[in-house]
Every structure is written in structure tokens, then in C-alpha cells.
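Trainee: Next input, structure requested:
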Amino acid sequence: MPRKSSASPKLVGLSNARNRPQIASLDDVYAHIFSSIVDQRLPPGTKLNELALCEIFNTGRRQIAQVLIRLSHDRLVTLHANRGAFVAAPDEAEARTIFEARRIIECEITRIVASEATRDLLKPLRRNVEEETAYRHQGRLREAIRASGEFHILLGSLARNDILAGIVRQLVARTSLVVSLYENQSTMICWHDDHGSFVDLLEGRRIAPAVALMRKHLTHVEESLNFDQRAGGALDLRKIYAPG
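Mentor: Purely as a prediction, here's the structure:
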């Protein structure tokens, strides 16, 4: 999977007679919806109405259908015959397999990165930690959530293995769906602090402690979830993507 910029793409406004935006490319539409899932603007269960998406992104129904199929291959969208497309809503069993996969893959990525880490190599992770901390202090939770997910995506890219990086990117997005459904506000407020300590271990090339912290970090996130609760209802697509 090709690497993409971590910056969120500029949203395409709703089409109207006075202001006709450029037609969005398939990659742009995919990136918009993917980013909206990662930062939890699109909650699990939201119906992805094709006609509404055509209007929002000023593109054709065939193109929207191709994007939804691509997202379904990523397990981020569920396609139902005669009902349409919905943002995926993982159950507890699926959620636990996602975390199991992340522990296996990201612990190995950690070993790879820690074995060759330099201060310059780790600069993107340092910047990410600073950004996430600033967002949280400013109360900008959505941006903080996005930055937290991007930390793991950035780490995956540092292993210089496109296949591993693509898998991590998909798993991070699926984790965002899980957290959106089962987040326990009373116990999840501290796990993001692990990122700064983790970078310190990488910089010192302390491979075993870094791997142990990654495993503990992901396990902590999983154990913080409350599988007895579900998040609120789905949102209207036009409200999510309406121009500000």
C-alpha cells in the first residue's frame, strides 16, 4: 500500500450552482472517509448513503461505489445487500483479534525500529508526541485522537516495510472504530502518555524494554474498553462534511 501524507486532506464542499468544486479523485474521497473514521467523525453504524456522498464530493455514483468497496476490503465499511453501506461496528470478539494482531505486528516493528534508531529517524515521532500533547492541553480531542493513531502509523513507516506499514494503518483505523464504540472515559485518560516514554526507549536502542512497553501499551488500551456499553447513534453525513 503506498504511503500517504499524515496531513488530513482539504474537504470538498457541497456542490451548488454558485460554487462548483473540482471533482474529487477516488483517492481523495477514500482519504477523506478514512480520516473521518480514524478521528471518529464517522461513528460506527453510520449509513454511507451513495447519493449524499456523490453530492458532498461532487463525483459520480460509480466512483463512490468503488471507494466503498475499497473501504470494505479494509474492514472499515460493511456492505449489506439491499440496505447499502455502513461504517463497520466491530463486536467484542473482533475487537480482541484486532488488538492481538496489533501486539504481534507492532512489537516486531518496534524491534526493527529500535535496532537502528537515531535521533533524526525519530524526529517525526517526537513531533507527533508534541502535537498530541498540545491538542490535549487545548481540549482539541478530535485532533488528539488523530495524532495518537498517526503515532503508530508513523512508527510502522519507520520499519521501511510497506506491507507492514499498510497493515498497521488499517489496524489503527479499525481500532478507532472499537474505541468509538467501547471507550471508557474514566480509564482511558492516561494511556496516551506512553508515547513519549516509548520514543525515549527507541532513541536509547533499548529494544527489549521498548517491545515490552508497546505490548503493555496496547494491552492497556484493550483493557480500558468497556464492552458492556455502546456509543451513541449515527450522524448525518451532510452535517459531518458541510463546509465550515
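
Trainee: Of all the helix elements in the chain, which one is longest?
Mentor: helix 92-115 (DSSP state H).

Trainee: tell me the mean pLDDT for it?
Mentor: In this model, helix 92-115 has a mean pLDDT of 97.

Trainee: swap in stretch 128-144?
Mentor: The model assigns stretch 128-144 a mean pLDDT of 89.

Trainee: Only C-alpha atoms, please: export it in CSV.
Mentor: Extracted in CSV, the C-alpha atoms of stretch 128-144 (Å, rounded to 0.1, in the frame of the first residue of the first chain):
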residue,chain,number,x,y,z
ASN,A,128,3.8,13.8,16.8
VAL,A,129,4.1,13.4,20.6
GLU,A,130,4.4,17.2,21.0
GLU,A,131,1.4,17.8,18.7
GLU,A,132,-0.8,15.3,20.6
THR,A,133,0.2,16.8,23.9
ALA,A,134,-0.7,20.3,22.7
TYR,A,135,-4.0,19.2,21.3
ARG,A,136,-5.0,17.6,24.6
HIS,A,137,-4.0,20.6,26.6
GLN,A,138,-6.1,22.8,24.3
GLY,A,139,-9.1,20.4,24.6
ARG,A,140,-9.0,19.5,20.9
LEU,A,141,-9.9,15.9,21.4
ARG,A,142,-10.5,15.0,17.8
GLU,A,143,-7.1,16.2,16.7
ALA,A,144,-5.5,14.4,19.7
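
Trainee: List the buried residues of it.
Mentor: Within stretch 128-144, the residues scored as buried using 16 or more other CB atoms under 10 Å are 128-129, 131-133, 135-136, 143-144. (Glycine included, C-beta is placed from N, CA and C.)

Trainee: ok, back up a step: distance between the longest helix of the chain and the chain's centre?
Mentor: Its chain's C-alpha centre lies 15 Å from the corresponding centre of helix 92-115 when counted by CA atoms, centre = their mean, to the nearest Å.

Trainee: What residues of that helix count as buried?
Mentor: Using 16+ other CB under 10 Å as the test for burial, helix 92-115 gives 95, 98-99, 102-103, 105-107, 109-110, 112-114.

Trainee: Please apply the same query to stretch 57-69.
Mentor: Using 16+ other CB under 10 Å as the test for burial, stretch 57-69 gives 57-59, 63-64, 67-68.

Trainee: May I ask which two of those are separated the most?
Mentor: Pairwise distances across the buried residues of stretch 57-69 peak at 16.7 Å for Asn58 and Leu68 (criterion: CB to CB).

Trainee: about what we covered before: just curious, which of the buried residues of stretch 128-144 is nearest to Phe151?
Mentor: Asn128 (5.0 Å).

Trainee: Grab the nearest non-local neighbour of the closest one.
Mentor: Nearest residue to Asn128 in three dimensions, chain neighbours excluded: Phe151, at 5.0 Å (CB to CB, 6 or more residues apart in numbering).

Trainee: quick one: low-confidence parts of this structure?
Mentor: Low-confidence segments of the chain, defined by pLDDT under 70: 1-23, 184-192, 230-236, 239, 241-244.

Trainee: Excluding its own residues, what touches stretch 210-223? List them.
Mentor: 95-96, 99, 102-103, 106-107, 110-111, 114, 175, 179, 188, 191, 194, 197-198, 201-202 (CB atoms under 8 Å, 6 or more residues apart in numbering).

Trainee: domain parsing for the protein?
Mentor: 1-13+21-89, 92-224 (automatic domain parsing).

Trainee: got those as CSV, with distance to Arg238 columns?
Mentor: Listed next are the domains of the chain as CSV, based on distance: least, CB to CB, whole Å:
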stretch, distance to Arg238
domain 1-13+21-89, 6
domain 92-224, 18
